[in-house]
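**Student:** Next one to model:
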Amino acid sequence: MTSIDFLNKVHKILDSQEYNLSYSPAKSKNFMLYCNGNFIGGLFDEALCFVYADSVSELLGQPEPVYRGYSSTAQHRMLVIPEEHWAKALKLLYTEKFDWSRLVYDITYTSIGAAVVEDFYDENVVFLRFCFEKELLKKNPLDRYDRILRMVYLNQDLTNTGKNLFPELLDKFLAFYDRKGKTSLETMLKRWYTQLEKEYRNHIEG
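**Tutor:** Prediction:
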């Protein structure tokens, strides 16, 4: 059994504009827990439990998982979260389970039609190579012949720096209309990156 007081305590500490919590009844007067509409765990016998995630397990020192759920037959592998780790564990869990799989760039979707993809292909080679050289992408997106290995990139493909700089650099790249003008794409990428990196550092330091 989980009391309303404990539920209110969890909600007060963890609910925010970024992480919107909601609940549904479970067996023995406990509660299933959702974040931004996604199932993340539950409140069981006055304890907060999150569905198993490698990053959360590492944070807690790799404890033995428990099995909790809506009923005796609907059980999920979970981790019991000590109160001092509630906020950090929620952030790690949400990043691993949901943010990592968020789409950040689909070349084929952006460039509709085979002819457009072909025209845009070489510029994407330049853009992706630049992002890898600046350590915004974890893995080299090109093979040794400069052919693009993947057309779709998720949040989990980005480095920590890439998660902050890649989306804005991509926006500038896609909006670059002077593709056949006097200024090369390589030059513009360097300018954009320098500007974005400076803004990012000022934000961190400020």
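**Student:** could you say which helix or strand contains Tyr23?
**Tutor:** strand 21-26 (DSSP states H and E).
**Student:** Leu196 now?
**Tutor:** Assigned by DSSP H and E, Leu196 falls in helix 185-205.
**Student:** and that helix, average pLDDT?
**Tutor:** Here helix 185-205 scores 88 as its mean pLDDT.
**Student:** With stretch 27-35 instead?
**Tutor:** 92.
**Student:** Now stretch 23-38: buried residues?
**Tutor:** For stretch 23-38, the buried set under the neighbour-count rule, 16 or more other C-beta atoms under 10 Å, comprises 23, 26, 30-35. Glycine gets a C-beta too; all of them are placed from N, C-alpha and C.
**Student:** Near the residue lying closest to Met78 once chain neighbours are set aside, how many other residues are there?
**Tutor:** Spatially, and ignoring its direct neighbours in sequence, Met78 is nearest to Cys49 (4.1 Å; C-beta to C-beta, 6 or more residues apart in numbering). Look at Cys49: counted by other C-beta atoms under 10 Å, it has 24 neighbours.
**Student:** same check, this time on the one 3 residues further on
**Tutor:** Neighbouring residues of Tyr52 were enumerated by other C-beta under 10 Å; the total is 16.
**Student:** In this structure it contacts Pro65, no?
**Tutor:** Yes. Judged on C-beta atoms under 8 Å, Tyr52 makes contact with Pro65 at a distance of 5.4 Å.
**Student:** Having no further points to raise, I will conclude here.
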